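Visitor: how would this look folded up:
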Amino acid sequence: MQFTHEHREIQKTLKRFIDEEINPHVDEWEAAEIFPAHEVFKKMGNLGLLGLCKPEEYGGAGLDYSYSLAMAEALGHIHCGGVPMAIGVQTDTCTPALARYGSEELKRQFLAPAIAGDMVGCIGVSEPAAGSDVSGIKSVARKDGDDYVITGQKMWITNSLQADWMCMLVNTGEGQSGAGGNTHKNKSLVMVPMRDGPGGKLTKGIEVAQKIRKIGMHSSDTGLIYFDEVRVPQRYRIGAEGQGFIYQMQQFQEERLWCAASTLESLTNCIQWTIDYAQERKLFGSTLADQQWVQFKLAELKTEVEALRALTYRACDLYVNGQDVLELASMAKLKAGRLNREVPDTCLQFWGGMGFR
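Guide: Modelled structure (predicted):
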């Protein structure tokens, strides 16, 4: 996959926005453990950055997924992890299934405002006892007339303290047993309004039970959300009943590619900043960068990041050409997660006390 002039121009626009509207406030937002999502998303929506791959009739640009990947990579220019993650949830986690399978009503009511930055969305999959094991979720939506009545809880939900709606995976029937006795053919994706309007009061029956304090990603608000007999029209279901597990697995392909791409610039920056510091740091009559082992280790880290880039670009290229890349996307996210630990930790050793402040 090769980035074109158009890809690069989108990245330039986004980086200018980041320099002007995000990076000057990162320290403040990290300390507050939240950032003003509605304000930031609206400004991004005005620039056309929240719907690059979404249909034009709902405010999107109608581009292929490679443009979303280019955007994800440019988000690594942000000097923290929480804000880009929150943006990625809006663009590549809670909206793909809605755009692909949602009804005209749902797209007008939820997708178009998300693309415009007028509404903040979140994805409701993980639960206290079901995260990686998606088929093990316990939240239930029982039918009552023309409505679903939803009871359950969702945990580790990014954007949930500010979200106006949730794309929620729930059990809507008995289904059939899957691996480990869990069910996967009884699940549906349902659009659940979280508030009575953008930034308004919580919907009756929804409770933000806890704001989760994490060891990182502080500016990304993360919540434990309770649902107690929350009434939602059945027409708010995305696509066919019982197909939610499949729809969610398809969404995960884009989410995983986004996760991998979003690490590339931040990892590259981490290494380059360490190289610059090592060339200045004097010890034992020379610089840290003069030590052969240091050179070898930094070169090894750069090689690992470029291998991740190649894997991610290849997966994106195949995905744009209509192929299923579940395996490659999963590999890319796995590698990205490991490098997100290995690269900063290794670089920190070269910074010593200067890196721990």
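
Visitor: wait, residue 62 sits on residue 68?
Guide: No: counting by C-beta atoms under 8 Å, residue 62 does not reach residue 68; the two are 12.0 Å apart. Placement of C-beta: from N, CA and C, glycine included.

Visitor: who has more neighbours, these two?
Guide: A count of neighbours by other C-beta atoms under 10 Å puts residue 68 above the other of residue 62 and residue 68, at 25 against 13.

Visitor: Now do that one against residue 78, distance only.
Guide: Going from residue 68 to residue 78 by C-beta to C-beta, to the nearest Å gives 16 Å.

Visitor: one step back: what sits in contact with each of residue 62 and residue 68?
Guide: residue 53 (C-beta atoms under 8 Å, 6 or more residues apart in numbering).

Visitor: where do the helices sit along this protein?
Guide: With helices called from DSSP state H, the chain shows them at 5-17, 26-32, 37-46, 65-74, 82-88, 96-101, 104-106, 112-116, 244-280, 292-320, 326-351.

Visitor: so which of the ones you listed gets nearest residue 124?
Guide: Checking the helices of the chain against residue 124 by C-beta to C-beta gives helix 244-280 as the closest, at 10.3 Å.

Visitor: chain center to that closest one: distance?
Guide: Distance of helix 244-280 from its chain centroid, counting by C-alpha atoms, centre = their mean, to the nearest Å, is 11 Å.

Visitor: what helices or strands is that helix leaning on?
Guide: Where contact means 3 or more C-beta pairs under 8 Å, 6 or more residues apart in numbering; DSSP states H and E, helix 244-280 is packed against helix 65-74, helix 82-88, helix 96-101, strand 165-171, strand 187-193, strand 286-287, helix 292-320, helix 326-351.

Visitor: Could you rerun that using 6 Å?
Guide: Applying 3 or more C-beta pairs under 6 Å, 6 or more residues apart in numbering; DSSP states H and E, one finds that helix 244-280 contacts helix 65-74, helix 96-101, strand 187-193, helix 292-320, helix 326-351.

Visitor: Please render those as CSV that adds distance to residue 278 and mean pLDDT to the earlier fields.
Guide: Below are those laid out as CSV (distance: least, C-beta to C-beta, whole Å; pLDDT from 0 to 100):
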stretch, distance to residue 278, mean pLDDT
helix 65-74, 25, 98
helix 96-101, 41, 98
strand 187-193, 49, 98
helix 292-320, 6, 97
helix 326-351, 6, 96
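
Visitor: Would you mind putting those into JSON lines with distance to residue 38 alongside?
Guide: Formatted as JSON lines, those follow (distance: least, C-beta to C-beta, whole Å):
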{"stretch": "helix 65-74", "distance to residue 38": "20"}
{"stretch": "helix 96-101", "distance to residue 38": "19"}
{"stretch": "strand 187-193", "distance to residue 38": "16"}
{"stretch": "helix 292-320", "distance to residue 38": "30"}
{"stretch": "helix 326-351", "distance to residue 38": "28"}
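
Visitor: To residue 281, which of those lies closest?
Guide: helix 326-351 (8.0 Å).

Visitor: for that closest one, packing partners?
Guide: With contacts taken as 3+ C-beta pairs under 6 Å, 6+ apart, helix 326-351 sits against helix 244-280, helix 292-320.

Visitor: just to revisit the earlier point, right, so of the helices of the chain, which gets closest to residue 238?
Guide: Nearest of the helices of the chain to residue 238, taken as C-beta to C-beta: helix 96-101 at 5.2 Å.

Visitor: centre of the chain versus the closest one, how much separation?
Guide: Remark: helix 96-101 is offset 16 Å from the chain centroid, using C-alpha atoms, centre = their mean.

Visitor: shaky segments in the chain?
Guide: Along the chain, the parts satisfying pLDDT under 70 run over 174-183, 357.

Visitor: Kindly recompute the last result at 80.
Guide: Applying pLDDT under 80 to the chain picks out residues 174-184, 356-357.

Visitor: For residue 293, see how far away the most far-flung residue of it relative to its centre is.
Guide: Ranking residues of the chain by C-alpha distance from their mean position (C-alpha atoms, centre = their mean) puts residue 285 at the top, at 46.2 Å. Applying C-beta to C-beta, the value for residue 285 to residue 293 is 16 Å.

Visitor: Repeat that for residue 50.
Guide: Per C-beta to C-beta, residue 50 is found 45 Å from residue 293.

Visitor: Neighbour count for those two, which is higher?
Guide: Shown here are residue 50 and residue 293; by other C-beta under 10 Å, residue 50 has more neighbours (24 against 7).

Visitor: can you pull the contacts of that one?
Guide: By C-beta atoms under 6 Å, 6 or more residues apart in numbering, the contact set of residue 50 is 44, 91, 115, 117.
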